[in-house]
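Enquirer: missing the sequence, but the structure's below:
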């Protein structure tokens, strides 16, 4: 027998009538709501913008995609994504590696050369950042002053990648340590000797190397040492990982027992007026067979390219089996593809 429902009390009915009813927003009301704040973009301006764990994960991802490419397996992880590439300085490896990388990832890259936007002259850095962020998924910049990439990152709502500035070259560092890890099977405990100018490449190798547990010694003429603040920060990183970061004026001392001999041009782009004077000062800071003989047997020879042969690097030494200068050039592609996936694929 079904139980008859009891009539509700007058109090219950009054309470139900007084309770606020859920309102369904009209389309107009929904449109008027302020948009949710987007997550802050992840930028890569310095070697220290990735943790050691993130760099190791990046190397592993780069290795997987490198094998996929070799096997002819498509990996369109950034399909539909667009990268804006700002160049104040021309480049072979930077443009080809980023542009090819975006194509292999299923995306698209747009080259913006020095005369296309005349960054900071025809249009402010702020306006360029705000405009590109509305149209693209990421911004890569190869510039003269580090302040430019910092300002791009300050205003852009998409990731900004430092593809070279006068302070750092962090993408080069990723390709370099990917190459060393491939050849040696490890990074921690190895010693890299950088012979030459304490420049942007040296800065990123010091910072990234110390964070990864690589000992880094920079041999340079007096007056051409790395920036003191970068050296201090690299040594702080080294204290946390057990890595040492040293600066010496003696290239033979730096090379002794090293696992890697690394060099770069004596006069960087923008220093052409100093080139002749620098040749006289840097002549003892040359990587050749004699210096290589002081390193650990089988030590790798590295150069970020372009090279001025028979200045900072002996041509014959650059063609020895120990030379990996074209491996590291290729690995710019693979390391940067992994970086793009990490930043733009979020």
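Expert: Yep, that arrived. Everything numeric here is computed off the predicted structure, so don't read it as measured data. Numbers count the residues shown, from 1 in each chain.

Enquirer: quick one, what contacts the residue lying closest to residue 337 once chain neighbours are set aside?
Expert: Distances taken as C-beta to C-beta, 6 or more residues apart in numbering place residue 101 nearest to residue 337, at 4.2 Å, with adjacent residues excluded. All C-beta spots, glycine's among them, are computed from the backbone N, C-alpha and C. By C-beta atoms under 8 Å, 6 or more residues apart in numbering, residue 101 lies in contact with 109, 333, 336-337, 340.

Enquirer: and residue 101, helix, strand or coil?
Expert: helix (DSSP: H, G, I helix; E, B strand; the rest coil).

Enquirer: how is the protein partitioned into domains?
Expert: In terms of domains, the chain is parsed into 76-167, 172-330 (source: automatic domain parsing).

Enquirer: so which of those comes closest to residue 65?
Expert: domain 76-167 (8.0 Å; C-beta to C-beta).

Enquirer: so how far is the first residue of that closest one from its last?
Expert: Domain 76-167 has an end-to-end distance of 33 Å (C-alpha to C-alpha, to the nearest Å).

Enquirer: between the contacts of residue 101, which is nearest residue 218?
Expert: Looking across those and measuring by C-beta to C-beta, the closest to residue 218 is residue 336, at 24.6 Å.

Enquirer: tell me which element the closest one falls in.
Expert: Using DSSP states H and E, residue 336 sits within helix 325-344.

Enquirer: buried set for that helix?
Expert: For helix 325-344, the neighbour count (16 or more other C-beta atoms under 10 Å) marks 325, 327-344 as buried.

Enquirer: how about residue 244: what's its closest non-neighbour residue?
Expert: Setting aside the residues directly before and after it, residue 244 is nearest to residue 215 in space (C-beta to C-beta, 6+ apart), at 4.7 Å.

Enquirer: contacts only, for that neighbour.
Expert: 189-192, 209, 238, 243-245.

Enquirer: most surrounded residue in these?
Expert: Neighbour tally across those (other C-beta atoms under 10 Å): the maximum, 29 neighbours, falls on residue 209.

Enquirer: would you check that that residue makes contact with residue 192?
Expert: Yes - counting by C-beta atoms under 8 Å, residue 192 is a contact partner of residue 209 at 5.9 Å.

Enquirer: and stretch 306-326, how far out from the chain middle?
Expert: Between the centre of stretch 306-326 and the centre of its host chain there is 24 Å, according to C-alpha atoms, centre = their mean, to the nearest Å.

Enquirer: who's in contact with that stretch?
Expert: Stretch 306-326 is contacted from outside by 92, 179, 183, 195-196, 263-266, 279, 282, 285-289, 292, 298-303, 305, using C-beta under 8 Å, 6+ apart.

Enquirer: among the residues you listed, which are located in helices?
Expert: If you go by DSSP state H, the contacts of stretch 306-326 have 179, 183, 279, 282, 289, 292 in helices.

Enquirer: quick one: which two of the residues you listed are the most distant?
Expert: Of all pairs in the ones in helices among the contacts of stretch 306-326, the most separated under C-beta to C-beta is 183 and 279 at 31.2 Å.

Enquirer: start to end distance for stretch 113-122?
Expert: 13 Å.

Enquirer: in the host helix or strand of residue 231, what's buried?
Expert: Following DSSP H and E, one finds residue 231 within helix 228-241. For helix 228-241, a neighbour-count test (16+ other C-beta under 10 Å) marks 230-231, 233-235, 237-238, 241 as buried.

Enquirer: kindly report the same for stretch 218-231.
Expert: Using 16+ other C-beta under 10 Å as the test for burial, stretch 218-231 gives 218-221, 224-227, 230-231.

Enquirer: state the next helix or strand along the chain beyond the helix holding residue 231.
Expert: For helix 228-241, the following helix or strand on the C-terminal side (DSSP H and E) is strand 245-248.

Enquirer: which strands and helices sit next to that following strand?
Expert: Using 3 or more C-beta pairs under 8 Å, 6 or more residues apart in numbering; DSSP states H and E as the contact test, the elements touching strand 245-248 are helix 200-212, strand 215-219, helix 228-241.

Enquirer: name every strand pairing with that strand and say which way it goes.
Expert: Using DSSP bridges, strand 245-248 pairs in its sheet with strand 215-219 (parallel).

Enquirer: got the contact list for residue 196?
Expert: With C-beta under 8 Å, 6+ apart, residue 196 has these contacts: 202, 219-220, 263-266, 282, 285, 312.

Enquirer: in those residues, find the pair that's most separated.
Expert: Checking the contacts of residue 196 with C-beta to C-beta, the most distant pair is 219 and 265, at 15.4 Å.

Enquirer: which stretches in the stretch 1-150 of the chain count as strands?
Expert: With DSSP state E, counting those that start in this stretch as the criterion, the stretch 1-150 of the chain has strands at 82-87, 108-112, 138-142.

Enquirer: looking at those, which is buried most?
Expert: Neighbour counts (mean count of other C-beta atoms under 10 Å) averaged over each of those peak at strand 138-142, with a mean of 27.

Enquirer: okay, now the sheet partners of that strand, with direction.
Expert: As defined by DSSP bridges, the strand partners of strand 138-142 come to strand 82-87 (parallel), strand 160-164 (parallel).

Enquirer: low pLDDT regions in the protein?
Expert: 1-38 (pLDDT under 70).

Enquirer: try it again at 80.
Expert: 1-38, 120, 269-272, 346 (pLDDT under 80).
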